[in-house]
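here is my input; please provide its structure:
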Amino acid sequence: MFTRFRSMPATAMAAVLGCALMATATPAAAQKREKAKKEEAAKGATISPSKGFTPALKKMMDATTAKDGAALQTALTEGQGVATSNEDKYLLAFYQLQLGILNKDQALQGQGLDAMLESGLTPGENARAYNYYSGSFAYNAKDYPKAIKRLEAAKAAGSTEANLSALLMDSYLQGGQIDQGWAIAKAGIDAARAAGAKPSEELYVRPAQAFQKANRTNEMLDVLTMRVQDYPAPATWRNTLYIMLQQAAGDKELNLDILRLMRATGSMTERPEFLEYAALATEAGYPGEVVAVIKHGEAKGVIPKGDARFGPILETQTPRAASDATALAADATKPATLTNPKAARATADALVGNGDYAKAIPLYEAALSAGGAADPVVQYRLGVAQALAGQTDAAVASLAKVQGNRQRLAQLWTVQAKAKAAPAAPAPAAAAPAAPAAAPATGG
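Predicted structure coming up:
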């Protein structure tokens, strides 16, 4: 009997994709004022307060140096009453930022940053940092349009903050602009791979979640197919293939092929999966494969020895597997088999189920030559047999020709074949710490 084990609502689907946390930073604008003043003065960028604002400004400076939040709040209140010029308002905003840092008040920090940026007086050297932090605060507040505006400005100004691309990507994704978010993620993936590094998993997980939420399943699977190239752990394979099983509901032969890839990647971990696999292989007439998959489950500790459900299956299928292996050995070389595409495919399928991958390859090739090219499953299973036999180059070439509903599986088998033939990718380099934002220079 065909036993299904899958039932996945949208919330569970999101959980299957996993969730990588976004890291954000707080502005390190607490450099000493005198040092910042000298740096800005050396560049010729000074901001001069009005005469009436200078006494309040001095109080703000002294309170900031003393890290006295209460005194700084009093000085800011005084300054608000005497600020007349654009420069005064810029400096007022800067010390509002300092108060936000002292009080760990992100909203207040953001208000100060925004006022400075909107004044038009922010030195170019600081604009990239102020835009970045304003954008990161907007991201934290889920104000994605503002986050996009600020982060794009930081990017245009040449910001090299480690988290900028990730925050900008997710701002687009969360704001419903999925294609723009994926374009940023894809650029980050390509850049990391070109540098010989492993891309951050966030670059896959976040877009995949967005595509899933938008019911854009093909694009989601495109992303997840790329993900297993860099993260080929069994759990990652399982997430991807489990979703494919959802899409293949009702197609028993396709379900069996997906479960075969789960077995090959070590991503079958639950008893019901083994039960479904055994049921499908029994129904398809592959006793050798039934026995092999149950033994695989026992070896992994998923199926207990003498299991009440699997034990009777083994009792009936084991003798059938033995007699079937003898018959297959005789049929594999018969001219009648090699010239009949259906017979050649059926024999090859059974041989693969028995683990005789190399013997199955010429039969699939014979099926293709004898007219089996009209059957897309033959091309697919030829590539799988070659992959399992360790013929990586031949497998990649065969799988590249697969069309139809197994094209995605063919892509994934290509990933698996290459992963088996190549060393693991290096771990990603550690991100550099965020650079501190400089304080503005004043003329007073």
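
just the helices in the stretch 251-400 of the chain please.
When secondary structure is read from DSSP state H, counting those that start in this stretch, the stretch 251-400 of the chain shows helices at 252-264, 271-284, 287-299, 310-331, 335-338, 341-353, 357-369, 376-388, 392-399.

would you turn those helices into TSV with mean pLDDT?
Listed next are the helices of the stretch 251-400 of the chain as TSV, based on pLDDT from 0 to 100:
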stretch	mean pLDDT
helix 252-264	96
helix 271-284	95
helix 287-299	95
helix 310-331	92
helix 335-338	88
helix 341-353	93
helix 357-369	94
helix 376-388	95
helix 392-399	96
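
and of the ones you listed, who's closest to residue 183?
Among these, helix 392-399 comes nearest to residue 183, with 27.5 Å by Cβ to Cβ. From N, CA and C alone the C-beta is placed, and that goes for glycine too.

list the buried residues in the very next helix or strand once past the closest one.
Of the helices and strands lying after helix 392-399 in sequence (DSSP states H and E), the nearest is helix 407-421. Of the residues in helix 407-421, those with enough neighbours to count as buried (16 or more other Cβ atoms under 10 Å) are 408-419.

which one of the helices of the stretch 251-400 of the chain lies nearest to residue 123?
Taking Cβ to Cβ, helix 392-399 is the member of the helices of the stretch 251-400 of the chain nearest to residue 123, at 53.9 Å.

relative to helix 376-388, how tilted is that closest one?
With axes from the mean of the first three to the mean of the last three Cα atoms, to 10 degrees as the basis, helix 392-399 and helix 376-388 are set at 170 degrees to each other.

packing partners of helix 392-399?
Judged by 3 or more Cβ pairs under 8 Å, 6 or more residues apart in numbering; DSSP states H and E, the packing partners of helix 392-399 are helix 376-388, helix 407-421.

which strands and helices lie in contact with the first one?
For helix 376-388, the packing partners by 3+ Cβ pairs under 8 Å, 6+ apart come out as helix 252-264, helix 341-353, helix 357-369, helix 392-399, helix 407-421.

so which of these gets nearest residue 121?
Between residue 121 and the helices and strands packed on helix 376-388, the tightest spacing by Cβ to Cβ is seen for helix 407-421, at 52.5 Å.

nearest spatial neighbour of residue 203, skipping sequence neighbours?
Using Cβ to Cβ, 6 or more residues apart in numbering and skipping residues adjacent in sequence, the residue nearest residue 203 is residue 185, 4.4 Å away.

backbone phi and psi for that neighbour, please?
phi -60, psi -40 (degrees, to the nearest 10).

quick one: it and residue 200 touch, right?
No: Residue 185 sits out of contact with residue 200 when judged by Cβ atoms under 8 Å, with a separation of 9.2 Å.

higher neighbour count, those two?
Regarding residue 185 and residue 200, a neighbour count based on other Cβ atoms under 10 Å identifies residue 185 as having more, with 29 against 19.

tell me who's in contact with the residue nearest the centre of the chain.
For the chain, the residue nearest the mean C-alpha position is residue 204 (1.8 Å; Cα atoms, centre = their mean). The contact partners of residue 204, taken as Cβ atoms under 8 Å, 6 or more residues apart in numbering, are 185, 189, 223-224, 226-227, 230-231.

that one: which element?
With DSSP H and E as the criterion, the answer for residue 204 is helix 202-213.

the residue lying closest to residue 345 once chain neighbours are set aside: neighbouring residues, count only.
Once its chain neighbours are removed from consideration, residue 345 has its nearest residue in residue 367; the separation is 4.6 Å (Cβ to Cβ, 6+ apart). One way to gauge burial is a neighbour count; for residue 367, by other Cβ under 10 Å, it gives 30.
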